[in-house]
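Pasted the sequence and its predicted model underneath.
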Number of protein chains: 2
Amino acid sequence: MRVLGIDPGLTRCGVGVVEGSVGRPLTMIDVGVIRTSAHLPIAERLVTIERGIDAWLDEHQPEAVAVERVFARSDSSTIMGTAQASGIALVAAARRGLPIAMHTPSEVKAAVTGSGRADKAQVGAMVTRILRLDAPPKPADAADALALAITHVWRGGAAARIEAARADAAVRSAGQRKVVRTR
Amino acid sequence: MRVLGIDPGLTRCGVGVVEGSVGRPLTMIDVGVIRTSAHLPIAERLVTIERGIDAWLDEHQPEAVAVERVFARSDSSTIMGTAQASGIALVAAARRGLPIAMHTPSEVKAAVTGSGRADKAQVGAMVTRILRLDAPPKPADAADALALAITHVWRGGAAARIEAARADAAVRSAGQRKVVRTR
């Protein structure tokens, strides 16, 4: 199973592709960061992120996408941009009909380190060990994207299938009610 | 000048098209709401919003798009979905190269009612009067989208030109630095 992990962000959006299956060694296919300049208007930055994610999807043809679930926290200066970037990531994957899973930061930390409260260094160290890399991927956003993909292979597969089945049932029951105009 | 106003939301995304210029009577071209079911996965809902906005852009060919600027507030249960929907709206407009302006709720209220703290009913009443409608557009999201478009015609044109000029300069100076991979 090949998974693209996306750690959404407006300034740095981490992307990492991992291949493998539960109980077998995982392989890193590629890792990187889509960067956008804070000098650009937000709409242009989001288009850059969309193009970047589309390029990663085109190049690596993942079977599933794992996106970090974003919460409204106290850190409100960056949270809106992060939420917008995550929306772009979700749409890019959903447009292609790819199964999408969202994992919280603590789920990802727990999956790769055993503790939901692990720090960045621990996550980086475990990603390095799990994927048999020479050094932790930099910046942390790149390591986090790989950790998301690892988490998805290990625990997300089942969750994504349940979500897809639920969505399929919901779409059938929703029928044509999705777009309504008031006049 | 024809403007599409978008009041982003995951459950109800208001859309309204207004035509006119400063100092002349404004005309409502169309108004509506893109709705998505809370039973669907968020990625599917965002795709529905994207398709809806694209359809409005195709049909009405606006010269500019005005999107409500979203802030992280206490109401965090819906704010993440609102932020994601606003990201989708911004990308849909930016992909077409349309000038985009973002106005805060208080800027919109001040523009149409004279008070930044006006309530929904006041905004609806003034939108009805300004556009010479028979009744306030329902739901409030539809009226808010029209208020955004009115605000844009009255005060957004200049702001959008400044933003576009700044973005153009920034893109030129940024050159090819926008997408970088770490390996």
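Done, it's in. Numbering: from 1, shown residues only, chains lettered A, B, ... in the order given.

now the helices for chain A?
Using DSSP state H, the helices of chain A run over residues A:42-60, A:76-95, A:105-113, A:120-130, A:140-151, A:157-174.

between the second one and helix B:42-60, how many degrees?
Relative orientation of helix A:76-95 with respect to helix B:42-60: 80 degrees, computed using axes from the mean of the first three to the mean of the last three C-alpha atoms, to 10 degrees.

now the fourth one
For the pair helix A:120-130 and helix B:42-60, the angle between their directions (the same axes, to 10 degrees) equals 100 degrees.

Which other helices and strands does helix A:120-130 contact?
On a contact count with 3 or more C-beta pairs under 8 Å, 6 or more residues apart in numbering or on different chains; DSSP states H and E, helix A:120-130 meets helix A:105-113, helix A:140-151. From N, CA and C alone the C-beta is placed, and that goes for glycine too.

And the helices of chain A: which comes nearest A:G20?
helix A:140-151 (8.4 Å; C-beta to C-beta).

Tell me what angle the closest one forms with helix A:120-130.
Using the same axes, to 10 degrees: helix A:140-151 against helix A:120-130 is 50 degrees.

neighbouring contacts of helix A:140-151?
The contact list for helix A:140-151 (C-beta atoms under 8 Å, 6 or more residues apart in numbering or on different chains) reads A:3-7, A:9, A:12-18, A:26, A:28, A:31-33, A:66-68, A:103, A:107-109, A:111-112, A:120, A:123-124, A:126-127, A:130-131, A:136-137, B:182.

Among those residues, name the ones in strands.
A:3-7, A:12-18, A:28, A:31-33, A:66-68, A:103 (DSSP state E).

Mind checking which of the contacts of helix A:140-151 are buried?
A:3-7, A:9, A:12-18, A:26, A:28, A:31-33, A:66-68, A:103, A:107-109, A:111-112, A:123-124, A:126-127, A:130-131, A:136-137, B:182 (16 or more other C-beta atoms under 10 Å in any protein chain shown).

Which ones among the ones in strands among the contacts of helix A:140-151 also lie next to chain B?
Among the ones in strands among the contacts of helix A:140-151, the residues that sit close to chain B (C-beta under 8 Å from any C-beta of the partner chain) are A:31-33.

quick check, nearest of the residues you listed to chain B?
Of all those, chain B sits closest to A:G32, with 3.6 Å by C-beta to the nearest C-beta.

Hmm, the closest one is touching A:R12, no?
No - using C-beta atoms under 8 Å, A:G32 is not in contact with A:R12, being 10.1 Å away.

In chain A, what helix or strand scores lowest on average pLDDT?
In chain A, the helix or strand scored least confidently by mean pLDDT, DSSP states H and E is helix A:157-174, which has a mean of 61.

and stretch A:19-36, how far out from the chain's middle?
11 Å (C-alpha atoms, centre = their mean, to the nearest Å).

can you pull the buried residues of it?
Buried residues in stretch A:19-36, counted by 16+ other C-beta under 10 Å: A:19-20, A:26, A:28-36.

Could you do stretch A:49-60 as well?
Along stretch A:49-60, these residues count as buried under the neighbour rule (16+ other C-beta under 10 Å): A:49-53, A:56-57, A:60.

now stretch A:34-46
Of all the residues in stretch A:34-46, those buried under the rule 16+ other C-beta under 10 Å are A:34-36, A:40-46.

how about stretch A:44-55, does it reach chain B?
Yes - using C-beta under 8 Å from any C-beta, we find that stretch A:44-55 touches chain B at A:44, A:46-48, A:50-52, A:55.

Tell me the one of the residues you listed nearest A:G81?
When the residues of stretch A:44-55 next to chain B are compared for distance to A:G81 (C-beta to C-beta), A:L46 wins out at 8.7 Å.

who touches that closest one in this structure?
Residues counted as contacts of A:L46 (C-beta under 8 Å, 6+ apart) are A:10, A:84-85, A:88, B:87, B:90-91, B:94.

Spatially nearest residue to it (excluding sequence neighbours)?
With C-beta to C-beta, 6 or more residues apart in numbering or on different chains as the criterion, A:L46 has its nearest non-adjacent residue at 4.8 Å, and that residue is B:V91.

Repeat that for A:A125.
Using C-beta to C-beta, 6+ apart, the nearest residue to A:A125 is A:P136, at 6.4 Å.

What pLDDT does the model give the one you found?
According to the prediction, A:P136 has pLDDT 94.

cool, the one 4 residues further on as well?
Each residue has a pLDDT score; the one for A:A140 is 93.

A:F71: how many residues sit nearby?
Neighbour count for A:F71, taken as other C-beta atoms under 10 Å in any protein chain shown: 12.
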